[in-house]
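Peer 1: quick one, fold the following:
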Amino acid sequence: MPGLAGIVNLRERIDESQLAIMIKPLLHEEDYKVKIYTDNDKHLSVSRIETGILDEGDFPYIDDELTVFFSGELYNDDMYSLSPASFISRIYKEKRDDFLRTLHGMYSILLYDHKKNLCFLATDRNWHGHLFYTKQGDTLYFAPEVKPLLEISSSGLVLDPYALSSFITCGIVIGERSFFNGFSALPGGRVLCIKPDKTYVSQWWKPDFNRKRTDKEDVLLEEMKHLLAQSVDRRIKTPHSYGIALSGGWDSRGILGLYLNRKPASTIQSVTWGYDENKLNSDGVVARQVAEKLGIKHTWFDYDPNDFPHYARDFIRISEGMVDDLPKFPASLKHFDSIRRELNIDVLLHGDMYYGYTDIPDDDIAMLLISSLSL
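Peer 2: Have a look, this model is predicted:
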């Protein structure tokens, strides 16, 4: 899976050869690109696994105070011509420990403050920039999947019964757990602070469910309309080829409508998959009718239940079994690969992600394509 993987020890020299071992399980696609950086003092070694679709900028960005590693996308309107990492450097110097609240996007970040000799490892509000980590002695290892961490682990694997329970109950592993003791997730809205003598997690963002609003309904509706339009606008600025996972639901149709307020129908394609494209009132029928009405090229992918056993192994290997959506997308590997390679779609807008649905995507091709539209 694309993202950041690395090793940090702010007290002693690291064994940088371990990073190559960690990278190997992440290379699910042959066209992934890998960049590696190790500092002169051998206190950190970091890699970025790239899809080649996004321009993720400097790796790393270095100035006299900071070294910044970035993976993902930033949508801030005031970035101007700055690369994401250089923009983060500027914001950190202005806001210091509160810098993450200023960032909008889906990303993972490692920021090393040379003067203070500390690191911040962080992901976005909704955990789209996946990060897992483990610590052995004073050395911290992190990656976008658990598999690389298992490769360098010196201890035996012990199943976490609480993680298993949450998966059986909710369909996902909740919070900071993974399936194995000693291997943690860094959830959305959290930052891992790494110092020479200690490591701890802080929460830099969480939704405020206790906020009281006294505005009239029409004011709230106008605010929601503005936020939705802003969310779409920020994510379609780049000169990529766009697609949308179009269904009969309001979310995908709403995103499409907002997209078409900014760009012509000729610049986007729609895709739908399912069992029967012609089933009365199904997503397939509604999506096709919407696409025809708007003059959008539409593609249907058949969903064959017989594909379930064939794709199960790859699905579980890539998602690490942490989501239970396999029955929903049994041919997801084939479909997402076709969306990218046959339809030449770079970015797939997806309604579930738009409204804050934060399960791990069903495969790494989906991870390449899905542009999170969470508010």
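Peer 1: helix or strand: which one has Ala20?
Peer 2: Assessed by DSSP states H and E, Ala20 sits inside helix 17-23.
Peer 1: contacts for that helix, please.
Peer 2: For helix 17-23, contacts defined as C-beta atoms under 8 Å, 6 or more residues apart in numbering pick out 5-7, 34, 36, 38, 45-47, 49, 141, 143, 148-149, 151-152. C-beta here means a position set from N, CA and C on the backbone, and glycine is covered the same way.
Peer 1: any of the residues you listed buried? List them.
Peer 2: 5-7, 38, 45-47, 49, 141, 143, 148-149, 152 (16 or more other C-beta atoms under 10 Å).
Peer 1: poorly predicted segments of the stretch 1-150 of the chain, please.
Peer 2: For the stretch 1-150 of the chain, the stretches flagged by pLDDT under 70 are 129.
Peer 1: give me that answer again for 80
Peer 2: Applying pLDDT under 80 to the stretch 1-150 of the chain flags residues 54-55, 80, 127-129.
Peer 1: which parts of it are helices?
Peer 2: For the stretch 1-150 of the chain, the helices defined by DSSP state H, counting those that start in this stretch cover 17-23, 84-95, 147-151.
Peer 1: CSV please, covering those helices and showing distance to Ile255.
Peer 2: CSV is the format used below for these (distance: least, C-beta to C-beta, whole Å):
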stretch, distance to Ile255
helix 17-23, 34
helix 84-95, 24
helix 147-151, 33
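Peer 1: nearest to Gly295, of the ones you listed?
Peer 2: helix 84-95 (34.8 Å; C-beta to C-beta).
Peer 1: and that closest one, what does it pack onto?
Peer 2: Using 3 or more C-beta pairs under 8 Å, 6 or more residues apart in numbering; DSSP states H and E, the elements in contact with helix 84-95 are strand 61-62, strand 66-74, strand 105-113.
Peer 1: mean neighbour count added to these, as CSV?
Peer 2: CSV is the format used below for these (neighbours: other C-beta atoms under 10 Å):
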stretch, mean neighbour count
strand 61-62, 18
strand 66-74, 24
strand 105-113, 23
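Peer 1: do you know which of these lies nearest Lys263?
Peer 2: strand 66-74 (17.8 Å).
Peer 1: go ahead and flag the most central residue of this protein.
Peer 2: Centre of the chain computed as the mean C-alpha position; nearest residue by C-alpha atoms, centre = their mean is His128, 2.6 Å away.
Peer 1: that one and Ser71 touch, don't they?
Peer 2: No - the criterion here is C-beta atoms under 8 Å, and His128 misses it with Ser71 at 10.7 Å.
Peer 1: list residues touching both of these two?
Peer 2: Residues touching both His128 and Ser71 by C-beta under 8 Å, 6+ apart: Tyr107.
Peer 1: so what's the backbone phi/psi at the residue nearest to Gly189 when sequence neighbours are not counted?
Peer 2: What sits nearest to Gly189 in space, not counting adjacent residues and going by C-beta to C-beta, 6 or more residues apart in numbering, is Trp205, at 3.9 Å. Dihedral pair for Trp205: phi -150, psi 140, per degrees, to the nearest 10.
Peer 1: let me have the helices and strands packed on helix 84-95 in TSV, extended by distance to Ser165.
Peer 2: Formatted as TSV, the helices and strands packed on helix 84-95 follow (distance: least, C-beta to C-beta, whole Å):
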stretch	distance to Ser165
strand 61-62	42
strand 66-74	31
strand 105-113	27
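Peer 1: which one of the ones you listed lies nearest to Tyr275?
Peer 2: Closest approach to Tyr275 among these (C-beta to C-beta): strand 105-113, 30.8 Å.
Peer 1: now for the closest one, which elements pack on it?
Peer 2: Applying 3+ C-beta pairs under 8 Å, 6+ apart, one finds that strand 105-113 makes contact with strand 3-8, strand 44-50, strand 66-74, helix 84-95, strand 118-123.
Peer 1: try 7 Å this time
Peer 2: Contacts defined by 3 or more C-beta pairs under 7 Å, 6 or more residues apart in numbering; DSSP states H and E place strand 105-113 against strand 3-8, strand 66-74, helix 84-95, strand 118-123.
Peer 1: now these in CSV, with distance to Ser247?
Peer 2: Below are the helices and strands packed on strand 105-113 laid out as CSV (distance: least, C-beta to C-beta, whole Å):
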stretch, distance to Ser247
strand 3-8, 28
strand 66-74, 24
helix 84-95, 31
strand 118-123, 28
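Peer 1: what's the closest of the ones you listed to Glu277?
Peer 2: Per C-beta to C-beta, nearest to Glu277 of the helices and strands packed on strand 105-113: strand 66-74, 32.5 Å.
Peer 1: mind checking the end-to-end distance for stretch 278-289?
Peer 2: End-to-end distance of stretch 278-289 (C-alpha to C-alpha, to the nearest Å): 11 Å.
Peer 1: what residues does it touch?
Peer 2: For stretch 278-289, the external contacting residues (C-beta atoms under 7 Å, 6 or more residues apart in numbering) are 246-248, 270, 272, 274, 276-277, 298, 300.
Peer 1: so which of those is the most crowded?
Peer 2: When neighbours are counted by other C-beta atoms under 10 Å, Leu246 leads these with 29 neighbours.
Peer 1: can you read off the pLDDT for that residue?
Peer 2: pLDDT recorded at Leu246 is 91.
Peer 1: measure it to Lys33 for me?
Peer 2: 31 Å (C-beta to C-beta, to the nearest Å).
Peer 1: repeat that for Leu349.
Peer 2: Distance check for Leu349 against Lys33: by C-beta to C-beta, it reads 24 Å.
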